[in-house]
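Structure here, sequence nowhere to be found:
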């Protein structure tokens, strides 16, 4: 089970970030304050990879057991380093299409590893903004950040209550919506994508919510047989790359 990464202690709100790549990208992004680092003694090999990025005066280094790090991170894939940092600062209002012409909406992605992998692809393909939904969706926690290799730290992200509310605001703002679906859509490789645009990726099991599917142009990735599908994060990566090459 993955622990929630947002905690409260003596009125201090903070997030947990773990793993070398995640911590390095957090430090490079310079969006968060580093409160403390938990690691082992002797120091893990990974320490040499992050030490040059650390501030000259680290507020607090705590030496703990690997089991303690496992508990804090909610995973054993922390490479011996866990950081407590200020909370992620989400955007407070819908993106301006003139400034953010290529955005991504995730409708109820529930696996934190899928979420992280999609955010990693979003960063690599030049997505300028991401909309997450609070309802029935995975949180941007330590495991998701780890799966993004820390690249989520560089993205501008909004959290909306529901995908329907997000779609309504996107359309009002003037975005063209492209809905990724398994069937009944146009071949995604042959579609003309018009900016400003938003690609919508749906839930791993049921896809995009039926009440919003009709709000945009449905696009489908070619595949060998119709009764199987790409993993959500793989499909998102392919589509994001495809769109990035066409706009």
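Perfect, I can see it now. This one's a predicted model, so the numbers in the text were calculated from it and none came from an experiment. Numbering: from 1, shown residues only.

What pLDDT is listed against residue 76?
In this model, residue 76 is scored at 89, pLDDT.

which residues does it contact?
Residues in contact with residue 76, defined by CB atoms under 8 Å, 6 or more residues apart in numbering, are residue 70. All C-beta spots, glycine's among them, are computed from the backbone N, C-alpha and C.

Correct me if wrong: residue 155 contacts residue 121.
No - Residue 155 lies out of contact with residue 121 (CB atoms under 8 Å); the separation is 11.1 Å.

what does the domain assignment say about the chain?
Domain segmentation of the chain under automatic domain parsing yields 6-86, 102-246.

what about the ones you listed, which gets the closest to residue 92?
If you check each of the domains of the chain against residue 92 by CB to CB, domain 102-246 wins as the nearest, at 7.9 Å.

Centre of the chain to the closest one, how far?
In terms of CA atoms, centre = their mean, to the nearest Å, the centre of domain 102-246 is found 10 Å from the chain centre.

Quick check: which element contains the residue most central in space within the chain?
Of all residues in the chain, the one closest to the mean position by CA atoms, centre = their mean is residue 119, 3.6 Å from it. Counting by DSSP states H and E, the element that carries residue 119 is helix 112-124.

Quick one: mean pLDDT over the helix or strand following that helix.
Using DSSP H and E, the helix or strand that directly follows helix 112-124 along the chain is strand 129-133. The average pLDDT for strand 129-133 rounds to 97.

repeat for stretch 169-189
For stretch 169-189, mean pLDDT rounds to 96.

how about the helices in the protein?
Counting by DSSP state H, the segments of the chain that form helices are 20-29, 47-50, 66-73, 112-124, 142-147, 163-173, 210-213, 232-246.

And the ones you listed: which comes nearest residue 40?
The minimum distance between residue 40 and the helices of the chain falls on helix 66-73, with 6.0 Å, by CB to CB.

Looking at the helices of the chain, which is nearest to residue 201?
Counting by CB to CB, residue 201 lies closest to helix 232-246 out of the helices of the chain; the figure is 4.7 Å.

Settle this for me: the residue nearest to the centre of the chain is touching residue 156, isn't it.
No - judged on CB under 8 Å, residue 119 makes no contact with residue 156 at a distance of 11.4 Å.

For residue 60, give its distance to residue 44.
Residue 60 sits 18 Å away from residue 44, going by CB to CB, to the nearest Å.

So between those two, which is more surrounded?
For residue 60 and residue 44, the more surrounded residue by other CB atoms under 10 Å is residue 44, and the numbers stand at 18 against 10.

so what's that one closest to, chain neighbours aside?
residue 80 (3.0 Å; CB to CB, 6 or more residues apart in numbering).

Surely that neighbour and residue 39 touch.
Yes - the pair residue 80 and residue 39 passes the contact test of CB under 8 Å, sitting 5.8 Å apart.

Which neighbours do these two have in common?
Going by CB under 8 Å, 6+ apart, residues that sit against residue 80 and also against residue 39 are 47, 69.

Who are the contact partners of residue 72?
In this structure, residue 72 makes contact with 3, 16, 18, 38, 78, 82, judged by CB under 8 Å, 6+ apart.

From what I see, residue 68 and residue 38 are in contact.
Yes - counting by CB under 8 Å, residue 38 is a contact partner of residue 68 at 7.1 Å.
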